[in-house]
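Colleague: one predicted model, sequence on top.
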Amino acid sequence: MDFPVVGGSDNQSEDYSPAATVVRFDPPLPLLRAPVPSSPDSGEPPVLAFRDAASWRAAWEAAEAALLSQCEAGARSGCSITASRKCKPPWWKGFFGGAPTDYQERERCEEHEMAACLEAAREACVKFAKEKCVEPFRDARIACDGLLEKTNFTVWGAGNKVASSASLCIANNQSPFNPCPGATNYKGSDLLDSLSSEDNNTKDDN
């Protein structure tokens, strides 16, 4: 009767090195917002707030870019199907002995229909992305200057920027808007309203 040999070649062939046994996970995503006191000495629970207007703006642009990319990807699939259906010959054409299908003409037709469909879809996607972002970012909290200056924020995909509204583009640290006397944070709507009034005053002066 044969017995298994302990420590034989089968056991020695197993790789127990760290490279083979350690499971590596992706690093955690950085926080977009950090908790700040809702108001000085109020006793109320803290609220999540962006570090400053610049990080709030970058997060808005990144969110719009992500929504726009996903919307356009779905539109490309739908437009390709629509273009193919519009340009294919009618089902009854083969029954009457008509001319064979001109595939070059069909290809040109599909390219034209695809371009027109994508152009219309992009306008709809831009509008969709803006509408989805306006409400949450208007209600989002922004910390007062200096409150979170030592906090390390990284905005996901902030390099992928899309065209934003005029008021959003000028939201930066140089803005004279200062809503923080006696407060720890303010809403994005306060910043947008301030920038909108400044823009109107500039137009009136001109």
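Modeller: In hand now; what should we look at?

Colleague: as a check, name the ranges of all helices in the chain.
Modeller: All helices of the chain, identified by DSSP state H, fall at 9-12, 18-21, 53-87, 103-139, 166-169, 188-205.

Colleague: pick the most buried one from these.
Modeller: The highest average neighbour count among the helices of the chain, using mean count of other Cβ atoms under 10 Å, belongs to helix 53-87 at a mean of 17. Backbone N, C-alpha and C define where each C-beta goes, glycine included.

Colleague: and of the helices of the chain, who's closest to Ala34?
Modeller: Checking these against Ala34 by Cβ to Cβ gives helix 53-87 as the closest, at 10.1 Å.

Colleague: now that closest one: average pLDDT?
Modeller: Computed over helix 53-87, the mean pLDDT rounds to 92.

Colleague: repeat that for stretch 141-152.
Modeller: 73.

Colleague: point out where this structure drops to low pLDDT.
Modeller: 1-12, 42, 93-99, 146, 149-181, 196-206 (pLDDT under 70).

Colleague: so what's Trp56 up against?
Modeller: 50, 137, 140, 142, 171, 188, 191 (Cβ atoms under 8 Å, 6 or more residues apart in numbering).

Colleague: quick check: beta-bridge partners of the residue nearest to it when sequence neighbours are not counted?
Modeller: Spatial nearest neighbour of Trp56, excluding adjacent residues (Cβ to Cβ, 6 or more residues apart in numbering): Phe50 at 4.1 Å. On the basis of DSSP bridges, Phe50 is bridged to Ile142.

Colleague: wait, Phe50 touches Arg141, no?
Modeller: Yes. With contact defined as Cβ atoms under 8 Å, Phe50 counts as touching Arg141 (7.1 Å).

Colleague: quick check: neighbours shared by those two?
Modeller: Arg33.

Colleague: the two: who's more crowded?
Modeller: Phe50 (26 against 18; other Cβ atoms under 10 Å).
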